[in-house]
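Undergrad: Just the structure for this:
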Amino acid sequence: MRGIALSLAFGTMIAAGTLPAAAQPVPVTARTGTQTPYRQTYEEDARARLRVWAGEVTAFNKTAEAKGRDQDNAAGSDLNVAWTEAKAEERKMEVAGADDWESVRTTFDNASHRFEDALDRARAAID
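TA: From the prediction side, this is the model:
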């Protein structure tokens, strides 16, 4: 119960912008000392791909709805799962330490391929 109260107190302080300096959230860019140009470029590309894919998922959902197709069919469900995994892996990549980044990048690449495959299957299912 104390943990919940503490979480609520910090949440309120964050919302009000009154956290003490030591408790202020550290921006993700604070780890730039561990970033190589390759890593920075790769992460920027990953974010750009996710923005494009968000549009693809939205377009799929609109097309499926317009065609009166159930978006919860197996292909649509697979697409939603793959989309969620790709976003989660991209977030992990952003905060991974230097020692773990290559492994996390590989996992993101695999999730990216699964998403692209799921998107192809979902498109084929509503055509």
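Undergrad: so which strand or helix has residue 86?
TA: helix 74-95 (DSSP states H and E).
Undergrad: Of all the residues in whichever helix or strand comes after that helix, which ones are buried?
TA: Proceeding N to C from helix 74-95, the next assigned helix or strand is helix 101-126, under DSSP H and E. For helix 101-126, the neighbour count (16 or more other Cβ atoms under 10 Å) marks 101, 104-105, 107-108, 111-112, 114-115, 118-119, 122-123, 125-126 as buried. Using the backbone N, CA and C atoms, a C-beta is placed for each residue, glycine as well.
Undergrad: How confident was the prediction at the residue positioned nearest the centre of the chain?
TA: By Cα atoms, centre = their mean, the chain has its centre lying nearest to residue 87, at 2.0 Å. For residue 87, the pLDDT comes out at 95.
Undergrad: Can you name the residues that contact it?
TA: residue 50 (Cβ atoms under 8 Å, 6 or more residues apart in numbering).
Undergrad: So in this structure, where's the weakest helix or strand by average pLDDT?
TA: helix 2-16 (a mean of 40; mean pLDDT, DSSP states H and E).
Undergrad: The helix or strand hosting residue 50: how far from the chain's middle?
TA: According to DSSP H and E, residue 50 maps onto helix 37-66. Put simply, helix 37-66 sits 10 Å off its chain's centre (Cα atoms, centre = their mean, to the nearest Å).
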